[in-house]
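In: A predicted structure for the sequence below; I have some questions about it.
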Amino acid sequence: MLAPKGYLTGAEWDWTKVYTNYLEMIQAGKTLMNGDIPHIVRGGLKDSFLKLSPYGTAVSANAKQDGDAAKSKFMNGSMVIYRGEIKDNAGKVVIPAGKNFKQQDSELKKINWLVAGVVGNVNS
């Protein structure tokens, strides 16, 4: 490991739930051709699509408590990923004040901007 004392935690994809869901749909006679089976699947901690790796030795007890609190918000669906007001790097408001996006919000798939302070262009 490059930085054994610098490791905090990680996300581990768990395809078991995804493939089990597909198997159950196929066993129930559903097909992709009929539109019964989704071709795009989204999920997170709450959906058992991933899990967090154990905390590393560099993680303090307070940080573990904060991490576990954040994980609880993902599990109960209350975690806000983006909270407005947010401006892009051209100064345009892309998420207005008072607007919140949670983990599964379909608007997150449409992000095509860089946040204020980032140098770059999404079109290049």
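Out: Received the coordinates, thanks.

In: Output whichever helix in the chain runs longest as CSV - backbone C-alpha positions only.
Out: Among the segments of the chain that qualify as a helix by DSSP state H, the longest is helix 61-76. Provided in CSV are the C-alpha atoms of helix 61-76 (Å, rounded to 0.1, in the frame of the first residue of the first chain):
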residue,chain,number,x,y,z
ALA,A,61,-13.1,8.2,16.8
ASN,A,62,-14.9,11.5,16.1
ALA,A,63,-14.3,11.1,12.3
LYS,A,64,-15.8,7.5,12.5
GLN,A,65,-18.8,8.9,14.3
ASP,A,66,-19.3,11.6,11.7
GLY,A,67,-18.8,9.0,8.9
ASP,A,68,-21.3,6.7,10.5
ALA,A,69,-23.8,9.6,10.8
ALA,A,70,-23.4,10.4,7.1
LYS,A,71,-23.9,6.7,6.2
SER,A,72,-27.1,6.7,8.2
LYS,A,73,-28.4,9.6,6.2
PHE,A,74,-27.7,7.7,3.0
MET,A,75,-29.4,4.6,4.4
ASN,A,76,-32.6,6.5,5.4
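
In: elements contacting whichever helix or strand comes after that helix?
Out: Downstream of helix 61-76, the next assigned helix or strand under DSSP states H and E is strand 80-83. Contact analysis of strand 80-83 by 3 or more CB pairs under 8 Å, 6 or more residues apart in numbering; DSSP states H and E lists strand 100-102 as its packing neighbours. C-beta coordinates here come from the backbone N, C-alpha and C atoms, glycine included.

In: where exactly do the helices run in the protein?
Out: 15-27, 61-76.
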